[in-house]
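Participant: Give me the fold of what follows.
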Amino acid sequence: MSARDAGGALPENAAVDVVALAREAGWTVAVAESLTGGLVAAELTAAPGASAAFRGSVTAYATELKHRLLGVDAALLAREGAVHPEVAAQMATGARDALGADWGAATTGVAGPEPQDGRPVGTVYVAVAGPAGGRGPLPPSPETTPGADESFADRLARHLAHHGTVEGAKSVGNTSGAGETEKRSVTGLTGAQGEKILALRLNGDRTEIRRDSVRIVLGLLRDELITHARAQDTEEIGGT
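Facilitator: Predicted coordinates:
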């Protein structure tokens with residue numbers, strides 16, 4: 001089974017798939033990380049053949065580095081703080097541009113144990129930026145991949161509703177004042193330059209939130225690579 005055909009919202013080998021898909025299409029990937037602190041880059045560099053597809057990463061943990069190294073708008077950071085969907089989008093675009101890659105991916109959020117900038121623990125935004133100046137992807141064909149008519153956000157939301165967690169096992173997670181476990185959620189958004197963003201509410205401790213953020217951003221990146229590769233194939237077949 002090829003990386004394009006592998007099913008599931010969050011396959012265990014998403015990093016391997018990302019590298020394989022990028023190599024096949026001749027693309028390169030870069031990442032910008034905040035709450036995950038280099039874990040996404042570690043997953044990608046562990047995949048076979050990573051040197052041919054992975055350009056590098058920027059771990060911009062401090063808020064000011066998001067502006068200085070990745071070009072995130074300083075006024076946005078001052079107004080909203082580092083945990084914001086458009087910050088994630090600009091981090092992804094900034095990593096792509098700064099490291100000379102075709103694709104950029106980014107993570108920002110609150111892993112705990114304390115809230116940040118008024119955002120509760122478990123608030124996470126991940127984003128993927130595609131090739132600069134590229135044509136938008138064609139709609140995926142539902143005839144070629146089961147569930148391809150659904151967005152990644154839809155599939156992830158269904159996965160969380162069914163399994164309760166990214167790993168597929170119920171988790172105690174963070175609790176509200178009433179002592180009830182907070183519900184996980186995912187919302188798909190689009191950035192100012194067309195970046196794909198997921199707004200997430202994740203449960204669990206610091207380690208679990210970081211781990212789940214890594215799996216989700218790699219799953220989103222994998223999904224975008226598949227969609228764009230399919231669009232390229234369709235254009236080539238159609239002679240456009």
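Participant: Next, count neighbours for Pro115.
Facilitator: By other Cβ atoms under 10 Å, 13 other residues sit near Pro115. Bear in mind the C-beta positions are built from the backbone N, C-alpha and C, glycine included.
Participant: now swap in Leu65 and tell me
Facilitator: 16.
Participant: Spatially nearest residue to it (excluding sequence neighbours)?
Facilitator: Val58 (7.9 Å; Cβ to Cβ, 6 or more residues apart in numbering).
Participant: Run through the residues that contact Asp117.
Facilitator: Glu80, Gly81, Ala82, Val83 (Cβ atoms under 8 Å, 6 or more residues apart in numbering).
Participant: distance of the closest residue to Leu39 other than its chain neighbours from Ala41?
Facilitator: Take Leu39 and drop its neighbours on the chain: the residue closest to it by Cβ to Cβ, 6+ apart is Val214, 4.8 Å away. With the distance defined as Cβ to Cβ, to the nearest Å, Val214 ends up 10 Å from Ala41.
Participant: do the same with Gln232
Facilitator: Separation of Gln232 from Ala41 (Cβ to Cβ): 26 Å.
Participant: Does anything pack onto the host helix or strand of Leu221? Which helices or strands?
Facilitator: Secondary-structure assignment from DSSP states H and E places Leu221 in helix 206-238. Helices and strands touching helix 206-238, as assessed by 3 or more Cβ pairs under 8 Å, 6 or more residues apart in numbering; DSSP states H and E, comprise helix 14-25, helix 39-45, strand 103-109, strand 123-129, helix 152-163, strand 196-201.
Participant: try 6 Å this time
Facilitator: helix 14-25, strand 103-109, strand 123-129 (3 or more Cβ pairs under 6 Å, 6 or more residues apart in numbering; DSSP states H and E).
Participant: Quickly compare the ones you listed and say which is most buried.
Facilitator: Among the helices and strands packed on helix 206-238, strand 103-109 has the highest mean neighbour count (mean count of other Cβ atoms under 10 Å), at a mean of 30.
Participant: Convert it to CSV, retaining C-alpha atoms only.
Facilitator: Extracted C-alpha coordinates of strand 103-109, given in CSV (Å, rounded to 0.1, in the frame of the first residue of the first chain):
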residue,chain,number,x,y,z
TRP,A,103,5.9,23.2,2.4
GLY,A,104,5.8,24.6,5.9
ALA,A,105,4.1,23.2,9.0
ALA,A,106,3.7,24.7,12.5
THR,A,107,2.5,24.2,16.0
THR,A,108,1.6,26.6,18.8
GLY,A,109,-0.4,26.2,21.9
